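*Asks:* 3D, please:
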Amino acid sequence: MLTLDFSGDPELPDTALRSTRTPHGALYDTLIPAAQFADSDASSDRKVLLVVSSGVDTGSKSRLADVIAVLKKLAIQTVVISFPEGGWRGHRTLQQLAMETGGTIYLPENKSEFEEVATIAAHELIGPAVVRGKPLRRYREIIVRSIPVAELPRTAEFEAGDNAFLEKLLAAKLWQAKIFYRVIDATQQPDDSYLALSQTADAADKVEVSGAIVQFKRSSHLKRGTGGLLGSGVSRIKVRFVFRDLASRKAVLALTEEGAGPGGLLGGGNQENQREAMERVVNRLIADIKRNR
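*Replies:* Alright, predicted model coming up:
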């Protein structure tokens, strides 16, 4: 069912979505006409479908292969948010949809993470939000949360546990930069450990930063020694960061930072090259934080 035609008014789709209900699990039969409708706007240089679903389809006549074939033919990417209710089968279906259409998938573990994930997905869809003023100016304290690895094909080379270095580096660099009056390292704390703080009188002075590693390429010392004949061989990492007001729990800023390790034989070992890439990510984030204060 088409609820709303193309529109440049952000209030209209918001209102339409709030009144939309999907009583039948006909995901595939919905995606095909949605793709055809997206393709009908010939003025768009980039065509993307936002898919918010459990991945479970119980009522479609079409198959997943049919959907993927149409999306590929029309050169339409997908940005997918997979709800936990679909379980591993739903996740697998939606991962295949995103991967084969050159898109991205986000997998929030519970509904409380949806707002943060939706903010990051919006960044993927339309680029960074227009920042008016300096959204981080009023905060005196910052809480550094964990930075997990997104379960994506392009992060498969990232080894579990290596993100701990990135988390500690961010907390240390924030403290050294003296941007905030206080820096709290909560990377090893459960997500609700600071929930009580959100009810205190000074909660309005606090902002949280969390992130997700969304792309990673492992370094190769061998390639760095070939002068580029076999590729640059440097580590490359992309991280999406979200800043959230502690009191309201609402996102106030989203930033995507990228970093690469040094090239050539002087780029160090693979682990050292990776750490240098992470440090450059953090340095760029610090610079962007300063611009937004």
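
*Asks:* and this protein, what are its domains?
*Replies:* Taking automatic domain parsing as the criterion, the chain consists of the domains 11-126, 141-291.

*Asks:* let me know the average pLDDT across the first one.
*Replies:* Which is domain 11-126. The average pLDDT within domain 11-126 is 82.

*Asks:* residue 218 contacts residue 271, doesn't it?
*Replies:* No - using C-beta atoms under 8 Å, residue 218 is not in contact with residue 271; the gap is 10.1 Å. Where C-beta positions appear, they are placed from N, C-alpha and C, glycine not excepted.

*Asks:* compare neighbour counts for these two and give me the winner.
*Replies:* More crowded of residue 218 and residue 271, by other C-beta atoms under 10 Å: residue 218, with 16 against 13.

*Asks:* leaving out chain neighbours, which residue sits closest to the more buried one?
*Replies:* Spatially, and ignoring its direct neighbours in sequence, residue 218 is nearest to residue 157 (4.3 Å; C-beta to C-beta, 6 or more residues apart in numbering).

*Asks:* for the one you found, give me its contacts.
*Replies:* 216-218 (C-beta atoms under 8 Å, 6 or more residues apart in numbering).

*Asks:* which of those sits closest to residue 173?
*Replies:* Distance to residue 173, by C-beta to C-beta, is smallest for residue 216 among the contacts of residue 157, at 19.8 Å.

*Asks:* how about the closest one, nearest residue that isn't a chain neighbour?
*Replies:* That would be residue 158: by C-beta to C-beta, 6+ apart, it lies 4.3 Å from residue 216.

*Asks:* let me know how buried that neighbour is, in neighbour terms.
*Replies:* Neighbours around residue 158, by other C-beta under 10 Å: 20.

*Asks:* how near is it to residue 236?
*Replies:* Distance of residue 158 to residue 236, given as C-beta to C-beta, to the nearest Å: 11 Å.

*Asks:* list residues touching both of the two?
*Replies:* Common neighbours of residue 158 and residue 236 (C-beta under 8 Å, 6+ apart) are residue 216.

*Asks:* my read is that residue 254 contacts residue 212, right?
*Replies:* No - using C-beta under 8 Å, residue 254 is not in contact with residue 212; the gap is 10.9 Å.

*Asks:* ok, residue 92 - contacts?
*Replies:* residue 55.

*Asks:* following the helix or strand hosting it, which helix or strand comes up?
*Replies:* Assessed by DSSP states H and E, residue 92 sits inside helix 87-100. Downstream of helix 87-100, the first helix or strand assigned by DSSP H and E is strand 104-106.

*Asks:* which parts of the next helix or strand after that following strand are buried?
*Replies:* Downstream of strand 104-106, the first helix or strand assigned by DSSP H and E is helix 114-126. Across helix 114-126, burial judged by 16 or more other C-beta atoms under 10 Å covers 114, 116-124.
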